[in-house]
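K.L.:
Let's see this in three dimensions:
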Amino acid sequence: AAAAAVAARTTSSSKASKASRRLSSSTSGEADGASSRQSRMQLDSLWQSLSKGLSALQKLGDDEQVIGLLNPAVECFLICSQDALQVAEAAKKKADAAAQQKKEQEEQEKKAKEEKEAKERMDVEQSGEPTDQAATAATATATETATVAESKPMIVDASEPSAVGAGADAGTGAGAAATSASSDSGAAAGAAGPSESATSELPTAPSTEPLLSPVSAGPGLQRWTSMEDGSGTGDLSKVERDFLAFVELHRVVINNILKKRPGILAEPPYSLLTRYPTVLDFRVKEKYFRDVMKKRAHSHRYHRIGLRISRARIFEDSCHQLSRHTGDELKGRIEVQFEGEEGVDAGGLMREWYYLVSKAMMNANYCLFIQSNIGSETYQPNPNSNFNGSHLEYFRFCGRLVAKAIFDNQVIDCHFTRSFYKQILGKDVSWRDMQAVDEPHYKSFLWMLENDICEEDYTFTIDIDRLGKMETVDLKPNGSNINVTNKNKKEYVRLAAYMRLTGIIKDQIEEFRKGFYEVIPQKDIALFDDTELEMIISGLPDIDIDDMQANTDYGSGYDSSSPQVQWFWRAVRTFDRDERVKLVQFVTGTGKIPIGGFAELVGMSGPQKFNIHKDRSGHDRLPQAHTCFNQLDLPVYNSYEELRLNLLMAIKEGSEGFGFA
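P.N.:
Numbers count the residues shown, from 1 in each chain. A predicted model of the protein is given here:
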């Protein structure tokens, strides 16, 4: 196994270089087809040799020595892959340019023909004699109009071919689901990478025409149904299929290397993997993303942003004051001062501000977001948000706020629907996303797809609630006069789902995304799928007391065996979920926990664990907190009951606000 790695290290660079040069020359027309085939055979042979060596090494275990041997082999593979993919991409661009030139030529010919027919019709009108050419032109125009009327953007759901029409049976469109990298089962959880145009405008519902056919280079590749670089056109090349097959086969090895050095993802050849983020584990992507954000923050001396906020008007004040700054200026550190309070912000006030303003964002009085289903904790943009005259300005602020929290590595108290996370990322939604947004309509769509609807009276329309008044909207031109049948019901479901998930809140989504991308560009956040984005924004959903206890430090005379410390953990384990959140908020300034758990809590000077210190001032005092240091000062109480009573009083009465008692 070691010999295989050494051989790969010493021979693959020269082979890759020769193969790359031959591929490049054949692409530019400097060599014949035989040379290109020979180069391809050399690359295939090299990749097979590397794969055998890696497989042999992988059986030895996952210690430092093995990783050291695997790393050069993986690097060699990525180097030759990068060259080969660049050549394939150049060939594709050349073909696309030729196709575009041909299309433009056809359009010019069509325009010339139309001008000629228009001139002939004008001559006929002047002479008063009809001709066959005029009749033919009229027929062609009518046919073209009908064709345009029939075409409409649609939602594609590759996870259920039987439910999306014939066009999706062979493959998937830009909205095809891609497997989450953190999923052990390999089930689909994400979506294909966003297109370049998504940075400036809202993505439209994709066509049912499949963009790529599923590849067959192994079971793991069945989820690779679209280019992750967002091009989404043409079939996967053999080079790309080989690359993905290799990466899928050795994803554990590759991710183990990257976990130890996530920063190498920013440099060739490992940067190639960022084009295919679903092969990367979530922890690898998250560490790499944090490194990128940190370097960006330190690349320029940004001015601090001082906020003076009234707690009673926290949302309005925050929106008004932050709107004075550009997206680039928002990369500076925020310092918060609450009106009428003595607290000085060394990090704790900022964390509380994030927590409180994100909760205010969901306040029903602003009409910005609504619960997706009754009793649900997830929210989506309110179709009737225009009841608030400043709603679009507020949506842009919300986008900036969420992105700024991510940039500052702060978790906030808001959970969106799965479809809205996809829309933030610029990815397409599926009709199945309706289940989390509007379950009654989802069940209606599902029943329609699974049953005979010949006797039902449906048309291509839906009813939209506009501030209590129902408005009927056509899903396609003249939709009210087009019946839904067993033949076209899949099209109806796609159009109806698109309208409810995107169409009726298009302006709100667009403004939110504009604000978000001012702080974090889409290409940076597109590294994640919708599930991972939720964790990046909101942190862990529950508070794990075992994790909290394992990552707690003690000081000023306390240790893990002190009676008061043991009583403290005994009391905390009796708290309900809300009380646990209040405790964490009381000590850290926020009720949310980072993705990595309590081990990744951040204080004034960087990483700072939860810590408990002895307060010697007397047992008649309440516990006190220093949120800038994630520190709880716990008095020396005489009994478990006394400690629990005072701790509950402190977290319930003092979880918000800063002052000197």
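K.L.:
What count of nearby residues applies to residue 264?
P.N.:
17 (other Cβ atoms under 10 Å). Every residue, glycine included, has its C-beta placed from N, CA and C.
K.L.:
average pLDDT for the helix or strand that contains residue 531?
P.N.:
Using DSSP states H and E, residue 531 maps to helix 530-538. Taken as a whole, helix 530-538 has an average pLDDT of 85.
K.L.:
Next, the buried residues of the helix or strand following it.
P.N.:
Next along the chain after helix 530-538, taking DSSP H and E as the criterion, comes helix 545-550. Neighbour counts over helix 545-550 (16 or more other Cβ atoms under 10 Å) mark 547, 548, 549 as buried.
K.L.:
Find me the pLDDT at the spatially closest residue to the last one that is not a sequence neighbour, would you?
P.N.:
When the adjacent residues along the chain are set aside, residue 549 lies closest to residue 569, with 5.7 Å between them (Cβ to Cβ, 6 or more residues apart in numbering). Confidence per residue is given as pLDDT, and for residue 569 that number is 95.
K.L.:
number of nearby residues for residue 569?
P.N.:
Residues near residue 569, counting by other Cβ under 10 Å: 15.
K.L.:
Name the secondary structure element that contains it.
P.N.:
Assigned by DSSP H and E, residue 569 falls in helix 563-572.
K.L.:
ok so, going back, ok, so what distance separates the residue nearest to residue 549 from residue 633?
P.N.:
Distance, residue 569 to residue 633, by Cβ to Cβ, to the nearest Å: 17 Å.
K.L.:
ok, back up a step: by contact count, what packs against the helix holding residue 569?
P.N.:
helix 545-550, strand 610-615, strand 631-635, helix 640-653 (3 or more Cβ pairs under 8 Å, 6 or more residues apart in numbering; DSSP states H and E).
K.L.:
and the second one with strand 631-635, angle?
P.N.:
Angle of strand 610-615 versus strand 631-635, following axes from the mean of the first three to the mean of the last three Cα atoms, to 10 degrees, is 30 degrees.
K.L.:
and the angle for strand 610-615 with helix 563-572?
P.N.:
130 degrees.
K.L.:
which one among the buried residues of helix 545-550 gets closest to residue 625?
P.N.:
residue 548 (14.7 Å; Cβ to Cβ).
K.L.:
dump the residue contacts of the nearest residue to that closest one once chain neighbours are set aside.
P.N.:
Of all residues not flanking residue 548 in the chain, residue 598 sits nearest, at 5.0 Å (Cβ to Cβ, 6+ apart). The contact partners of residue 598, by Cβ atoms under 8 Å, 6 or more residues apart in numbering, come to 544, 547, 548, 550, 551, 552, 609, 610.
K.L.:
if you set the cut-off to 6 Å instead, what comes out?
P.N.:
If you count contacts by Cβ atoms under 6 Å, 6 or more residues apart in numbering, residue 598 has them with 547, 548, 551, 610.
K.L.:
would TSV of those with distance to residue 420 be doable?
P.N.:
Shown next, in TSV, are the contacts of residue 598 (distance: Cβ to Cβ, whole Å):
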residue	distance to residue 420
547	29
548	30
551	32
610	32
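K.L.:
May I see those residues organised as TSV, with pLDDT and distance to residue 652 added?
P.N.:
Listed next are the contacts of residue 598 as TSV, based on pLDDT from 0 to 100; distance: Cβ to Cβ, whole Å:
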residue	pLDDT	distance to residue 652
547	91	23
548	92	19
551	92	24
610	90	19
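K.L.:
And those, which two are furthest apart?
P.N.:
Maximum distance among the contacts of residue 598 (Cβ to Cβ): 9.9 Å, for 547 and 610.
K.L.:
my guess is residue 463 is in a helix, correct?
P.N.:
No - read with DSSP: H, G, I helix; E, B strand; the rest coil, residue 463 is strand and lies in no helix.
K.L.:
what's the nearest residue to it if we skip its chain neighbours?
P.N.:
The shortest distance from residue 463 to any non-neighbouring residue, by Cβ to Cβ, 6+ apart, is to residue 470 (4.9 Å).
K.L.:
helix, strand or coil for that neighbour?
P.N.:
strand.
K.L.:
what's the burial count for it?
P.N.:
8.
K.L.:
picking up where we left off before, distance of the residue nearest to residue 548 from residue 524?
P.N.:
Residue 598 sits 27 Å away from residue 524, going by Cβ to Cβ.
K.L.:
While we're on the residue nearest to residue 385 when sequence neighbours are not counted, how confident is the model there?
P.N.:
Nearest residue to residue 385, sequence neighbours excluded (Cβ to Cβ, 6+ apart): residue 391, at 4.0 Å. Listed pLDDT for residue 391 reads 92.
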